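> Below: sequence and its predicted model.
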Amino acid sequence: MSNIAIKFENISKQYRLGKIGTGTISHDLNRWWAKFRGKEDPYLKIGEVNRRDTKAEGDYVWALRDINLEVEQGEVLGIIGKNGAGKSTLLKLLSRVTAPTTGQILVNGRIASLLEVGTGFHPEMTGRENIFMNGAIMGMTKAEIRRKFDEIVDFAGVEKYIDTPVKRYSSGMTVRLGFAVAAHLEPEILVVDEVLAVGDAEFQKKAIGKMQDVSKEQGRTVLFVSHNMAAVRNLCKKGIVLSDGMKILEDEVNIAVDYYLAETKSDLVKRAVINDKYRPSYCSKDVEILEIELLNELQIATNEPLKIRLKLKVNNFSKKEARITGMLNAQSGSRVGLFFSKHFQFPENSKSFDVVVTLNSHNLAKGLYYFDFNIGSGDPSTGLTDFDLVYNTISFEVIYDDYNNLNQIAKWASNWGYNNFKNLDLKILHNEII
Amino acid sequence: MKPDKDWTLIIKPKGSLLNLNLREVWRYRDLLEMYIRRDIVTFYKQTILGPLWFFIQPVFTTIIYMFVFGGLAGISTDGIPQPLFYLSGICLWNYFSESLIKTSDTFLVNQGIFGKVYFPRLIAPLSVIITGLLKLFIQLGLFFAAYIWFVSKGMPNTINSDAWFFPLLILMLGLLGLGYGIIISSLTTKYRDLKFLIAFGVNLWMYATPVIYPLSVMEGRFQNYMWIMQANPVTSILETFKAGFLGQGTFTIQTLTYSAIHTIVVLILGIFIFNRVERSFMDVV
């Protein structure tokens, strides 16, 4: 039992819904009155399961409910779940940013959290001063930082600018410097929440390498929260799946990831009516995507042509033609590939119209996929213009229903990739008689 | 099952209320130092006059007070040269009011950092108090320079044995500011109204404190309002300072004891509320 690094015991966390500051005084007074009479907190009972899609009845929700979990020393645990499942809340409790409502967490060892790197950077101070400040915030002593100073600067690659105020740094440099400090903390327990999404490709490689070092070579405990299933599979040994604030599975990482992906099947989207929630970045909307619909059933056979209808609207009539780009992603978040349509003329005298694209052979392997779409025009010589760019639209599942595949492959393993190439010819050229 | 004491950290819904976590604060002393350095260094970055700003404010305020209160209103300074009288009051009062105002928005100012990493939250207000202390000493240097100048011009030396209270006075001022500051900072996370109150409240408080007039004037002419002065814990701190260094001031051991008890009560209450709020303020701020 002595090699347990973290132990969660009946951890729950309750949040209040709606505007904070309205009615809190009366609730506070009620609470005090109940406590004064030796009764239970009246608002702890009202809490309900945290689901974003159903309308809440009470004022309080449980972001986490009765979490029991043991993490062993040196274990790399992946925490997966949909947005709002409670992943980040769990890490926040562990890094003591906020306190649990009930239960307790027992910890053995120093915790460092990479909830967000570069915390406490002061723009007026130099890189050098900020390394010390940031390190101290993370719990390092001055002596420790001084010892690792050169290593940190080297890792971040900012030697030249070390005595320049951080406000003159590029955002990439700031992030690198922040991560470099955090990576040299040498904590017994490292808590990582999607930090790998920042920085350029070279730096991401460095960062993942550092995380692997920390877990594999130095035997540290790591808690990793991510939506990137490939990264989770790659880095973690064990995984837990959270849903609506409850732990629904704890198992070997591949089983947990597969379970999570299967669970998200119920969220397949056949028809998406586009609004600005699908547009995380600014788009001119000169030509706007109104609606995207998958004309196939939600389950598509490997040899079935993929048909998609897009409803488009022209807002800027100086635009006469455009091209549709479909960007296909696996459920894990990895980009599988793109298709480009040819440039087409808009029908005259119509404000909105439908376009149907058909992908005759998709070669997709068994699994869950979703599409991002872009409508734009131009080519590299004239310059490319995006009219509209929408993410995370329709999604579907590819299944096997042709005989060959069913007989050949019992189960497509997740590390086989996303392309199952077809139209394979096989010729036997030489035959030696026995 | 391991006994609880073998774990290095136990995270529970509510910590004990009076636990100051001084051991943890001590462990993070390097952070405290970095905070103080940051506040001092960034104070005059990209300014032309730099550290001179520490002197400009008290000097100009003293000149204005000499003109308005000493000249126009003709308020007595108990025979103390006006610059020394106002300067001593301004330095001490500024330390108290800045400690109070700056610690009173601890949670609001630091919510970005507090929301991401844990360190003993008390570090933030403590750093404000200590930074203010350095500023106070620099400004008191100005006061003593002025004092020496007046003595060289023929003013008799007025420093007496009451000056030994000095360390106690400074400690009380700092802790009083800290105590009231963290009470207000804890309450403003939920009830923002207090933020508006504090800005002019501190201004009014100054007029209930013998900064621009000596307590003896109050005693002589406004007996009915003396209870306000007596209830104000800052009164006897300022009067003791003036008695010790300038030879004119009204204090007794009783009034000083009252200030000390007031300070301790406010500080304990402050820590009590601060400890409650720091564990969950991210949910309400």
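Arrived safely.
> What helix or strand is the spatially most central residue of chain B located in?
With distances taken as CA atoms, centre = their mean, the residue of chain B nearest its centroid is residue B:96 (2.3 Å). In the assignment (DSSP states H and E), residue B:96 maps to helix B:82-103.
> and that helix, how far out from the chain's middle?
The chain centre lies 8 Å from the centre of helix B:82-103; the measure is CA atoms, centre = their mean, to the nearest Å.
> Check which element follows it along the chain.
Toward the C-terminus, helix B:82-103 is succeeded by helix B:106-109 as the next helix or strand (DSSP H and E).
> does chain A sit close to that following helix?
No - for helix B:106-109, no contact with chain A is found by CB under 8 Å from any CB of the partner chain; the gap never falls below 12.2 Å. Quick note: C-beta positions are derived from backbone N, CA and C, even for glycine.
> what sits up against that helix?
B:114, B:121, B:124-125, B:128, B:181-182, B:185-186, B:188-189, B:195, B:277-278, B:281, B:285 (CB atoms under 8 Å, 6 or more residues apart in numbering or on different chains).
> cool, and stretch B:45-63?
Identification of contacts with stretch B:45-63 by CB under 8 Å, 6+ apart yields A:124, A:165, B:43-44, B:83, B:86-87, B:90-91, B:94, B:135, B:138-139, B:142.
> Check which residues of it are buried.
Using 16 or more other CB atoms under 10 Å in any protein chain shown as the test for burial, stretch B:45-63 gives B:54, B:58, B:61-62.
> what's the answer for stretch B:237-256, then?
B:237-251, B:255-256.
> picking that back up, pLDDT and distance to residue A:241 for the contacts of stretch B:45-63 - can I get that in CSV?
Listed next are the contacts of stretch B:45-63 as CSV, based on pLDDT from 0 to 100; distance: CB to CB, whole Å:
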residue, pLDDT, distance to residue A:241
A:124, 84, 44
A:165, 89, 44
B:43, 76, 50
B:44, 75, 53
B:83, 88, 73
B:86, 91, 69
B:87, 91, 67
B:90, 92, 63
B:91, 92, 62
B:94, 92, 57
B:135, 90, 54
B:138, 90, 59
B:139, 91, 60
B:142, 91, 65
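> Max pairwise distance over those: which two?
Comparing every pair within the contacts of stretch B:45-63 by CB to CB identifies A:165 and B:83 as the most remote, at 38.8 Å.
> And the helices in chain A?
Counting by DSSP state H, chain A has helices at residues A:24-36, A:87-94, A:127-137, A:142-156, A:171-183, A:201-212, A:229-235, A:253-263, A:403-408.
> Mean neighbour count, mean pLDDT and distance to chain B added to the ones you listed, as a markdown table?
Formatted as a markdown table, the helices of chain A follow (neighbours: other CB atoms under 10 Å in any protein chain shown; pLDDT from 0 to 100; distance: least, CB to the nearest CB, whole Å):
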| stretch | mean neighbour count | mean pLDDT | distance to chain B |
| --- | --- | --- | --- |
| helix A:24-36 | 12 | 68 | 6 |
| helix A:87-94 | 24 | 86 | 7 |
| helix A:127-137 | 24 | 88 | 4 |
| helix A:142-156 | 16 | 90 | 5 |
| helix A:171-183 | 22 | 82 | 10 |
| helix A:201-212 | 16 | 70 | 18 |
| helix A:229-235 | 20 | 79 | 22 |
| helix A:253-263 | 19 | 85 | 25 |
| helix A:403-408 | 11 | 49 | 48 |
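> what about residue A:295, neighbour count?
Look at residue A:295: counted by other CB atoms under 10 Å in any protein chain shown, it has 14 neighbours.
> Give me the pLDDT value at it.
pLDDT recorded at residue A:295 is 91.
> right, and the residue nearest to the centre of chain B touches residue B:232 too?
No - if you go by CB atoms under 8 Å, residue B:96 and residue B:232 don't touch, sitting 11.0 Å apart.
> Now for the single nearest residue of the stretch 151-285 of chain B relative to chain A, how many residues are close by?
Ranking the residues of the stretch 151-285 of chain B by distance to chain A (CB to the nearest CB) places residue B:279 first, at 4.0 Å. Residue B:279 has 20 neighbouring residues, counting by other CB under 10 Å.
> Could you double-check that it sits in contact with residue A:97?
No - contact status for residue B:279 versus residue A:97: not in contact, 9.9 Å apart, counting by CB under 8 Å.
> Tell me the pLDDT of residue 1.
As the question left the chain open, I've gone with chain A. For residue A:1, the predicted pLDDT is 45.
> should've been chain B
48.
> One more: residue B:280?
In this model, residue B:280 is scored at 69, pLDDT.
> One more: residue A:337?
Reading off the model, residue A:337 has pLDDT 91.
> Let me see the contact set for it.
Taking CB under 8 Å, 6+ apart, we find residue A:337 in contact with residue A:328.
> For it, list each beta-bridge partner.
Note on residue A:337: beta-bridge partners by DSSP bridges are residue A:328.
> could you check the angle helix B:82-103 makes with the host helix or strand of residue B:142?
Using DSSP H and E, the element containing residue B:142 is helix B:123-152. Angle, helix B:123-152 to helix B:82-103, by axes from the mean of the first three to the mean of the last three CA atoms, to 10 degrees: 180 degrees.
> what helices or strands is helix B:123-152 leaning on?
Applying 3 or more CB pairs under 8 Å, 6 or more residues apart in numbering or on different chains; DSSP states H and E, we find helix B:123-152 packed against helix B:29-43, helix B:53-65, helix B:82-103, helix B:106-109, helix B:166-188.
> What residues sit buried inside the fourth one?
When you say that, I think you mean helix B:106-109. Neighbour counts over helix B:106-109 (16+ other CB under 10 Å) mark B:106-107 as buried.
> Following the chain past it, name the next helix or strand.
Downstream of helix B:106-109, the next assigned helix or strand under DSSP H and E is helix B:111-114.
> In that following helix, which residues are buried?
Neighbour counts using 16+ other CB under 10 Å place B:113-114 of helix B:111-114 among the buried residues.
> for stretch A:155-165, same thing?
For stretch A:155-165, by 16+ other CB under 10 Å, it's A:155-158, A:161-162, A:165.
> just stretch B:264-271 next, same as before
Using 16+ other CB under 10 Å as the test for burial, stretch B:264-271 gives B:266-267, B:270-271.
> Now the helix holding residue B:96 - C-alpha only, PDB.
Written as PDB, here are the backbone C-alpha positions of helix B:82-103 (Å, rounded to 0.1, in the frame of the first residue of the first chain):
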ATOM      1  CA  GLN B  82       5.000  72.400  10.400                       C
ATOM      2  CA  PRO B  83       7.100  70.400   7.900                       C
ATOM      3  CA  LEU B  84       8.100  67.900  10.600                       C
ATOM      4  CA  PHE B  85       4.600  67.700  12.000                       C
ATOM      5  CA  TYR B  86       2.900  67.000   8.600                       C
ATOM      6  CA  LEU B  87       5.700  64.800   7.300                       C
ATOM      7  CA  SER B  88       5.600  62.400  10.200                       C
ATOM      8  CA  GLY B  89       1.800  62.100  10.000                       C
ATOM      9  CA  ILE B  90       1.800  61.700   6.200                       C
ATOM     10  CA  CYS B  91       4.500  59.000   6.300                       C
ATOM     11  CA  LEU B  92       2.900  56.900   8.900                       C
ATOM     12  CA  TRP B  93      -0.700  57.400   7.600                       C
ATOM     13  CA  ASN B  94       0.400  56.600   4.100                       C
ATOM     14  CA  TYR B  95       1.900  53.300   5.200                       C
ATOM     15  CA  PHE B  96      -1.300  52.300   7.000                       C
ATOM     16  CA  SER B  97      -3.700  53.400   4.200                       C
ATOM     17  CA  GLU B  98      -1.600  51.900   1.400                       C
ATOM     18  CA  SER B  99      -1.300  48.600   3.400                       C
ATOM     19  CA  LEU B 100      -5.000  48.600   3.800                       C
ATOM     20  CA  ILE B 101      -6.000  49.600   0.200                       C
ATOM     21  CA  LYS B 102      -3.500  47.400  -1.500                       C
ATOM     22  CA  THR B 103      -4.200  44.300   0.500                       C
END
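> neighbours of residue B:83, just the number please.
Each residue near residue B:83 was counted by other CB under 10 Å, and the total is 20.
> How about the contacts made by it?
B:62, B:66, B:146, B:150.
> Cheers, nothing more for now.
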